[in-house]
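Engineer: Give me the fold of what follows.
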Amino acid sequence: MNRYIEKLKKQLTELAEVVNSFHSEAVQVKVVERLLDEMIEAEKGEAEGSEVFNKRARRAAADHDENDGTNSRKKPGATKVLNQLLSSDYFRTPHSISAIAEYCREKFNSDFKTSELSGILLKLSKENKLRRERNHDSNRFEYVIA
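Structural biologist: The predicted model follows:
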């Protein structure tokens, strides 16, 4: 382990000039993190116990523990779900953001917050794909096909 750290120090010393050439500290940190990840990956077989330092290995192990063998496919995002609704008949009648979120929860098993949907719905209305109308009874915006 100590030999591994000494080798890592030597490699970082060699790379210091390149890393310091970036003026942004945030960029420097990202570069160093990326380099460390890659160096650890490269020496994974050589150094015993390098998985302790490997973020990707820890993350993969945590994901595996959380999934317990279940299907690990990602759920579609809000944009994809709203585009699916747009291509269906759903927006033929006006719906509020909360009604859309509830529909996504029931039909797509996707628990979107209304704040996640509002920006996408606004964009779709600016692209003239949806119309944004205020409901005079509830004083809330509703979205319907344009």
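Engineer: and after the helix or strand of the chain with the lowest mean pLDDT, which helix or strand comes next?
Structural biologist: Confidence across the helices and strands of the chain bottoms out at helix 55-67, with a mean of 55, counting by mean pLDDT, DSSP states H and E. Secondary structure here is assigned by DSSP states H and E; on that basis, the next helix or strand after helix 55-67 toward the C-terminus is helix 78-87.
Engineer: Need the residues that contact that following helix.
Structural biologist: 76, 91, 100, 103-104, 108, 110, 112, 116-117, 120-121, 124, 129-130, 145 (CB atoms under 8 Å, 6 or more residues apart in numbering). To be clear about C-beta, it is placed using only N, CA and C from the backbone, and glycine gets the same treatment.
Engineer: Buried residues in it, which are they?
Structural biologist: For helix 78-87, the neighbour count (16 or more other CB atoms under 10 Å) marks 78, 81-82, 85 as buried.
Engineer: Pairing partners for the following helix or strand past it, with directions?
Structural biologist: Once helix 78-87 ends, the next helix or strand along the chain (criterion: DSSP H and E) is strand 95-96. Strand 95-96 pairs in its sheet with strand 140-145 (antiparallel), by DSSP bridges.
Engineer: Show me what the mean pLDDT comes to for the partner strand.
Structural biologist: Summarised as a single mean, pLDDT over strand 140-145 is 92.
Engineer: before we move on, the earlier item: just the ones of the contacts of helix 78-87 in strands?
Structural biologist: Among those, the residues falling in strands (DSSP state E) are 130, 145.
Engineer: ok, of the contacts of helix 78-87, which come out buried?
Structural biologist: Buried residues within the contacts of helix 78-87, defined by neighbour count using 16+ other CB under 10 Å: 91, 100, 104, 108, 110, 112, 116-117, 120-121, 124, 129-130.
Engineer: and the two most separated of these?
Structural biologist: For these, the farthest-apart pair by CB to CB is Ser110 and Lys129; their separation is 19.9 Å.
Engineer: follow-up on the earlier one: which members of the buried ones among the contacts of helix 78-87 are positioned in helices?
Structural biologist: Mapping the buried ones among the contacts of helix 78-87 onto helices (DSSP state H) picks out 100, 104, 108, 116-117, 120-121, 124.
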